[in-house]
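Visitor: Need a 3D model of the sequence below.
(3 chains)
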Amino acid sequence: MTQINVRVDGVTYSDDVEPRTLLVHYLREQLGKVGTVIGCDTSNCGACTVHLDGAAVKSCTVLAVQADGVEVTTIEGLAPQGSLHPVQKAFHEMHGLQCGYCTPGMIMASVDLLKENPDPSETEVREGIEGNLCRCTGYQNIVRAVQQAAGEMRGSGNGHVSPAEVDTAAAPHVAAQQ
Amino acid sequence: MIPAAFEYARPTTVDEALQAIADGGDDVKVLAGGQSLIPVMRLRLAAPETVVDLARVAELRGVRDDGDAIVIGAMTTHHDVMIDPLVQQYAPLIAEATETVADRQVRARGTFGGALVHADPAGDLPAVALALDAEFVIAGLQGRRTVPAAEFFVDYLTTAVEEGELLVEIRIPKLAGEWGMRYEKFNRVAQAWSIVAVAAVVRRENGRIAEARIGLTNMGSTPLRATAVEAALAGAPASPETIAAAARSAAEGTSPSSDLNAQADYREHLAQVLTRRAVTAAAGL
Amino acid sequence: MTAVEDRPAEAPEREVGKARRRKEDARLITGRTTWTDNMVLPGMLHLAVVRSPVAHGKISSIDVSAAQEAPGVIAVLTGRDVADEQGSIPCAWPVTPDMVNPGHPSIAVDEVNHVGEAVAVIVARSKTAAQDAVELVDVDYDLLPAVLDMEQAVAEGAQLTHDHLESNRSFHFVFDGGEAGTGVDTDQAFADAEVVVSRRFVQQRLIPAFMEPRSVVVQPQGDNYTMWSSTQVPHILRIMLAMVTGVPEHKLRVVAPDVGGGFGGKLQVTPEEVISLLVARRLGKPVKWTETRSESLMTAHHGRDQIQYIDIAADREGNVKGLRCRILADMGAYLRLVSPGVPVLGAFMFNGIYKFPAYRFECDGIFTNKTPTDAYRGAGRPEATFAVERIMDELAVELDMDPLELRRKNWIRAEEFPFTTVAGMTYDSGDYETATQQALELIGYDELREEQRRRRESNDPVQLGIGVSTFTEMCGLAPSRVLGSLSYGAGGWEHAAIRMLPTGKVEVVTGSTPHGQGHETAWSQLVADRLGVPFEDVEVLHGDTSSSPRGLDTYGSRSLVVGGVAVVNAAEKVVAKARRVAAHLLEASEDDLDFSGGTFSVRGTPGSEVSIQEIALATFAAHNFPEGMEPSIDADATFDPENFSFPHGTHLCAMEIDTETGMAKIRKYACVDDVGTIVNPLIVEGQIHGGLAQGIAQAMFEEAVYDADGNLTTGTFVDYLVPSAADLPHFDTGNTVHEAPGNPIGAKGVGEAGTIASTPAVVNAALDAVRHLGVRDIRMPLTPERVWRAIHQGGDGGDRATAGTNAWGGAQTETTAGVSTPQSALGGDQ
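Guide: The predicted structure follows:
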């Protein structure tokens, strides 16, 4: 067992872990952070994406011991309780998810992408999330969501949106197409 | 899947790391970025007795200017290599190829040295290092030695780094004169490994190709230089016809494998097409 | 009075048709979802399955002693240990009376028949301990020859998949239009035809590859059991588990919590679900099993895998005269829940949208030593649509006709609906011409054709092709009488219930269990309209056999078309009951009441009104209720459709082919689909997008490849290529709307349309790009190598080498590593 000190979603934890424990298993099983999920064993699907000191990584391909002394952000800590990150909000507004299994990882990867490229083209978004597989959406609405969030973040100075409930009103951009 | 149990060491200096490797028993794996090692351990294709994690060896990170070369620390992540101004100035080919490696999450963790020492024939950076005549600085308990790229890649997943040693840094000679570079990668989906790729580094002089260095990815058990093409191009006029003619010998001396993505003859064909395209672009045509 | 009577009724804004954002999203975008694997119960034990590394062999010995003694291991069970209680994985669809079913033990007892088959299960205190112990189980196999190739499997003297059977054939199913009286004699039609084109098409084996790996948790409570499973079919699972294990149905509760995709892949009763229940029963402890991705790719059922021999007959003017289809359908090693039914569903769709006078379909279900196949998005219909849309293009080439002109000449015209086809289906409504015209405009057809001409003339290394697919499909599984006539083991109805809560809120119970389709949102829209309550006041309950006790779940684009109708019918019953209460409360006759916007009002008496939500409270109190009426306005409904519904559409793909490398790249994709009434355009568009991605992936990327020893080479996402955002194009989508006459919503179903339609459009586009270079066919997926070979060496691109790519030193799954032989470098069928 190795002792690690890690800050996850703003809370500091001190735990003993087996060196072979993957970060994603530590998050899910020891901390109950089950918002982060596992989709493959080969680092292809990106479902487990979290931020380590602000950079998106695949938490199934990081050992928990490697997170010692590191700040981890998961989908559960992306925005304060009761509010949404602009990317979360945009995924909802643009219907960028169906079953939702890839969604936490997809959102975390998108947030990382927008940090580096605040105004990505469609191609740049597609390449920026190449490490995240989605089986439901065909990606088009995810791409729309990331671009929509980018616009909102540029406009509002990158902050979180004010406390927002998940609004279920009709989406005008789609209604207009019909 | 969960890796099999192992002992874990987390040194903070190269010397400590070498000692940890020496103390680690029969089967020691060095953990750099872990983006290949951890999946292999999860699938239990590797079950080392000891894992020596280099994450805290600060001296292995970063890129520095060393006069006639830039020096890339083995633990510099792909992400940091890509955005490094020295790399972009003196070895843009490395940045170009690194950008095609896997995906942004993997590039955030994976390291330049790790990818080279892993020496996967489908990996992109070995052929690039070969084309740039990189030099590999290897540390052991007895001291350091430098191995040229031509001698570094020994066999399938095997390099000149011996048991008990560590790759610490990679020296990329600065190129003098008017050089163009191009990495032509061919794969089926965005995050996949190369089926074949070609790294071309070309020096032009008075409308002629003064020198061409061509590295081939996945055309054998190690990265290869397309020496026949290089010879044909040396001193030749920089024209599409000359390049096309020279590129036809790109597969000479290669021994590619057959797998799901390509059988050997198709790889040989791809090597020719991609060499032509890479050299053409590197020659500025 | 008259002035008041004429007060114009304010038409409430309709929910149906609104692009409502989904209610489901709140939990999904914040990581507050309940996946089965999230579940932790006190004292829960973890399972890991030991799997066969050989495709076919007798188990000569199993030594579990080392595993049993390993730290944290509670028990190790082999097939022998559970032989008396595990029964057989059920097959609910005996498509012919003499269908051969070899039986399917959840854990192999004497013999293994595919790589990945369970041979033992480890029960341990932690997941880690369970996985560690897997390696300690020592199994010896006496190897038997593996049957891997369907055409060889039906040849004289073939090796056997199951050596206790007489052949590798499970069934021979025939539909003959002449015999059925739906068409003329097929052989005669072919004998009389001026032109006959014959082709052999290969529908490669696919893997559904839902993103959430399967997971099961079982909690025993006395003699009751609760199972949480990542399943599409909790209701079917409950019935089948009861029948297989003998746990009485009423002692078993099955819950499908949030489920991360299915695509048919979770329409199953799996060995692992049975095993988990057996272990929980034996040990009296809660257990969990969650698969790894490699396990999932290797052992969750696969899809497609047909060889199709298609003959089409026509006259020189391009009038089709007959269609003959002989199909070999790979069942894999065993029959699972609806394995045999999948190709048989296609039997009624091979004729597509065309007016064939003669049609004959024959299908052999074949056993091979591979993972069983079963439903995968489209299930039978993509295979059929591919065959007919591909052969129509081949006929067009033979006749030197424009492929669209040939289709136009033969398709059912708008004024001919309802139209009974040569396969005996009555197509409900549609207009193929209008959809096609819109699609042509959407993609910019004329400009693309012009560019294609330029590229051909200039001998551009990158050639352009345009592919067409004009498709229909049958949705809304299914009229129970039809299922009965096809010997399916269940009906096709769906159930719904509506509970009016005292505060006026509404609970909708549906038997159709979603896993990404947005039922909670769409059902709320349906109910909001019918009851006149706010969208936000509706909660949809699903996926738990204790709260939604009756249902037949989600597959076959049936949810809205069958399940949604049940919801609407239940709502109508609620309104009828509420009307009686309203009449009582308002002291009026029911006949004098108007119901609009959720409020009953007495015609001609302004201000005399009561809302349905107020009635809910009055019903709860029951102080003042109509004489003789029970104090409830809740209602339920079971809907059994009269007919299938038939969405249709035109899909167009523009494809660039780099003739030097063989790389194919979609330049543009446009489609116009008619799915009937659209309840939520946001969700419909999303379903189309996702369907397109999977259909395109079949055409271009995905294939489950086995080596000569029966190892799945594509055992991880390194080699089984699920496309990413960077690998797929932008889709231009549109709709026409012809309401389905068979249901009160007018919806036709949308879940599978994109998948069914797109695959042939993509392949037709690729062929259109290179046909002038002499290419007649390219096998799917259109790997660059295949395309290059087809261009430069002729043929259809041939088999792929079966060795895995060398990423991570040839990383394959644990059980497939190290058992390849030299001959497995190239396909055994080369």
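Visitor: How about stretch B:69-79 and chain A, touching?
Guide: Yes - Stretch B:69-79 reaches chain A (Cβ under 8 Å from any Cβ of the partner chain) through residue B:79. Using the backbone N, CA and C atoms, a C-beta is placed for each residue, glycine as well.
Visitor: Give me the buried positions along that stretch.
Guide: B:69-79 (16 or more other Cβ atoms under 10 Å in any protein chain shown).
Visitor: Same question for stretch C:176-187.
Guide: For stretch C:176-187, by 16+ other Cβ under 10 Å, it's C:176-178, C:182-186.
Visitor: Ok, stretch C:395-407 next?
Guide: Across stretch C:395-407, burial judged by 16+ other Cβ under 10 Å covers C:395-399, C:401, C:403-404, C:406-407.
Visitor: Quick check: the two most widely separated of those residues?
Guide: Using Cβ to Cβ, the pair of the buried residues of stretch C:395-407 lying farthest apart is C:398 and C:404, separated by 15.8 Å.
Visitor: Tell me, domain by domain, which residues of chain A belong where.
Guide: Structural domains annotated on chain A: A:2-77, A:86-169, as defined by automatic domain parsing.
Visitor: Go through these and name the closest to residue B:258.
Guide: Taking the domains of chain A one by one with Cβ to Cβ, domain A:2-77 is closest: 21.8 Å.
Visitor: Spell out the secondary structure type for residue B:199.
Guide: Under the three-state scheme (DSSP: H, G, I helix; E, B strand; the rest coil), residue B:199 adopts strand.
Visitor: near chain A, which residues of the stretch 101-250 of chain B show up?
Guide: Along the stretch 101-250 of chain B, the residues adjacent to chain A under the rule Cβ under 8 Å from any Cβ are B:102-106, B:108-109, B:190-191.
Visitor: For the closest residue to chain A within the stretch 501-650 of chain C, which non-adjacent residue is closest in space?
Guide: Using Cβ to the nearest Cβ, residue C:516 is the residue of the stretch 501-650 of chain C that sits closest to chain A, at 3.1 Å. Excluding its sequence neighbours, the residue lying closest to residue C:516 (Cβ to Cβ, 6 or more residues apart in numbering or on different chains) is residue A:99, at 3.1 Å.
Visitor: what number of residues lie near residue B:176?
Guide: Here the count is done by other Cβ atoms under 10 Å in any protein chain shown, and residue B:176 has 8 residues near it.
Visitor: measure it to chain C for me?
Guide: 34 Å (Cβ to the nearest Cβ, to the nearest Å).
Visitor: now, which of the buried residues of stretch C:176-187 lie within helices?
Guide: C:177-178, C:186 (DSSP state H).
Visitor: Low-confidence regions, chain A specifically.
Guide: For chain A, applying pLDDT under 70 flags the ranges A:156-165, A:172-178.
Visitor: what do you get if the cut-off is 80, keeping everything else the same?
Guide: In the predicted model, chain A carries pLDDT under 80 at residues A:156-167, A:171-178.
Visitor: residue boundaries of the helices in it?
Guide: A:23-25, A:86-93, A:103-116, A:122-128, A:140-155, A:172-175.
Visitor: could those be laid out in TSV, adding mean neighbour count and distance to residue C:630?
Guide: As requested, those are arranged in TSV below (neighbours: other Cβ atoms under 10 Å in any protein chain shown; distance: least, Cβ to Cβ, whole Å):
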stretch	mean neighbour count	distance to residue C:630
helix A:23-25	24	53
helix A:86-93	27	42
helix A:103-116	26	45
helix A:122-128	20	57
helix A:140-155	22	47
helix A:172-175	15	42
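Visitor: what about the residue of chain C found nearest chain A, distance to residue A:69?
Guide: With Cβ to the nearest Cβ as the measure, residue C:31 is the residue of chain C nearest to chain A, at 2.0 Å. Distance, residue C:31 to residue A:69, by Cβ to Cβ, to the nearest Å: 24 Å.
Visitor: between those two, which one's more packed in?
Guide: residue C:31 (23 against 11).
Visitor: thinking the more buried one is in contact with residue A:32, fair?
Guide: No - Residue C:31 lies out of contact with residue A:32 (Cβ atoms under 8 Å); the separation is 11.2 Å.
Visitor: From residue C:204, how far out is residue C:220?
Guide: The gap separating residue C:220 from residue C:204 is 42 Å, by Cβ to Cβ.
Visitor: Spatially nearest residue to whatever residue of chain A ends up closest to chain C (excluding sequence neighbours)?
Guide: Of all residues in chain A, residue A:35 sits closest to chain C, at 2.0 Å by Cβ to the nearest Cβ. Closest residue to residue A:35 apart from its sequence neighbours, by Cβ to Cβ, 6+ apart: residue C:31 at 2.0 Å.
Visitor: Excluding chain neighbours, give the residue nearest to whatever residue of the stretch 1-150 of chain B ends up closest to chain A in space.
Guide: Nearest to chain A in the stretch 1-150 of chain B, going by Cβ to the nearest Cβ, is residue B:103, at a distance of 2.6 Å. Distances taken as Cβ to Cβ, 6+ apart put residue A:131 closest to residue B:103, at 2.6 Å, once the chain neighbours are dropped.
Visitor: Contact partners for the one you found?
Guide: Residue A:131 sits next to A:44, A:46, A:49, A:58, A:109, B:102-106, B:191, C:724 when contact means Cβ atoms under 8 Å, 6 or more residues apart in numbering or on different chains.
Visitor: Next: residue C:668.
Guide: C:443-444, C:448, C:652-654, C:729-730, C:732.
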